[in-house]
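> Build me a structure from this.
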Amino acid sequence: MFKKKKKPLNTEDIIDVVKNSGLRHIAYIMDGNGRWATARSLPRELGHSAGAKNFKEIVRYSRNVGIRYVTVYAFSTENWKRPEREVAAIMKLLDQYIDEAELEDEIEFLFIGDRESVDPRIRERMTSLEKLTVGRPFRVNIAFNYGGRDEIVHAVNLAISKGITTITEKDVSENVYTSDCPDPDLIVRTGAEFRISNFLMWQSAYSELYFSDKMWPEFKPEDVDAAIIEFSKRKRRFGGV
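Numbers count the residues shown, from 1 in each chain. Below is the predicted model of the structure:
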């Protein structure tokens, strides 16, 4: 006897899965832009352009299926080691994205990371976008010039500057960049790599991890669906039974 094929889930079904699973926050490690371009004999910069375009699609889709918070790993503290031309292209894409983001109507933006090394003009634009969008219902955290260990050091130093002399877990949690939103329930990494690469080291303590072989420009809404469905099948114990 042949088994009856399951009917593919539609957007409404995925919304129900998100709601029933308690999934609120997805973090994306957007890996593989350069390799995607190289495999097509294109300059790596074009891979980042394709990745930026896909980032916008995936963020909108995540919002549409009921995700409340999205965090993306856009540029790490280690990425400055890349060729100057590639870094310049990424900075240009950031500048262009801020132009577009100013026109979004329901997204609150927060840039997380060390801004001191970022061009002052772009730094001012980051702050301006945050002030413009504060309080909106859907949050996008953009990790730019970000490192997870650096964030923990920053949080501890910030707590000390407030006069705290004995640092607790609560103190660190209250002083990380994402202190005002829940820790990620699910971290998705593309690019066929199986590590978190210094991303949300504090916040990811109990995050579920999902890895995709697809390069980031190839990662589409149906792949988000697959990650959400996989998350819904997992039992989160948080150290319990």
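> So, low pLDDT: which residues of this protein?
Applying pLDDT under 70 to the chain picks out residues 1-7, 240-241.
> how about the helices in it?
Shown for the chain, the helices assigned by DSSP state H span residues 11-21, 33-38, 44-64, 84-101, 120-133, 148-161, 169-173, 221-233.
> With Tyr177 as the reference, measure out to Thr168.
Summarising the geometry, the distance separating Thr168 from Tyr177, computed by CB to CB, to the nearest Å, is 18 Å. Placement of C-beta: from N, CA and C, glycine included.
> ok, now Thr165?
23 Å.
> So if I had to pick from those two, which one is more boxed in?
With other CB atoms under 10 Å as the criterion, Thr165 and Tyr177 differ in neighbour count, and Tyr177 comes out ahead with 21 against 6.
> what's the closest non-adjacent residue to the more buried one?
In this structure, Tyr177 finds its nearest non-sequential neighbour in Ile112, 3.6 Å apart by CB to CB, 6 or more residues apart in numbering.
> now do Gly147
When the adjacent residues along the chain are set aside, Gly147 lies closest to Thr77, with 3.8 Å between them (CB to CB, 6+ apart).
> shouldn't the one you found be in contact with Glu116?
No: using CB atoms under 8 Å, Thr77 and Glu116 do not qualify as a contacting pair, with a distance of 11.1 Å.
> For the residue nearest to Tyr177, which residues are in contact?
Contact partners of Ile112, counting by CB atoms under 8 Å, 6 or more residues apart in numbering, are 71, 141-144, 146, 151, 177-178.
> can you pull the contacts of Pro213?
To be clear, residue 213 is Asp; Pro isn't right here. Applying CB under 8 Å, 6+ apart to Asp213 gives the contacts Ala192.
> State the distance from the most centrally placed residue in the chain to Tyr97.
Nearest to the mean C-alpha position of the chain, by CA atoms, centre = their mean, lies Val72 at 1.8 Å. Val72 sits 11 Å away from Tyr97, going by CB to CB.
> Same question for Ile26.
Using CB to CB, one gets 19 Å for the distance from Ile26 to Tyr97.
> With Ile196 instead?
As it turns out, when the distance is counted by CB to CB, Ile196 lies 24 Å from Tyr97.
> do the same with Gly66
Between Gly66 and Tyr97 the computed distance is 24 Å (CB to CB).
> And Gly32, by the same measure?
Relative to Tyr97, Gly32 is positioned 19 Å away (CB to CB).
> Tell me who's in contact with Ser62.
Contact criterion CB under 8 Å, 6+ apart gives 26, 70, 224 as the residues in contact with Ser62.
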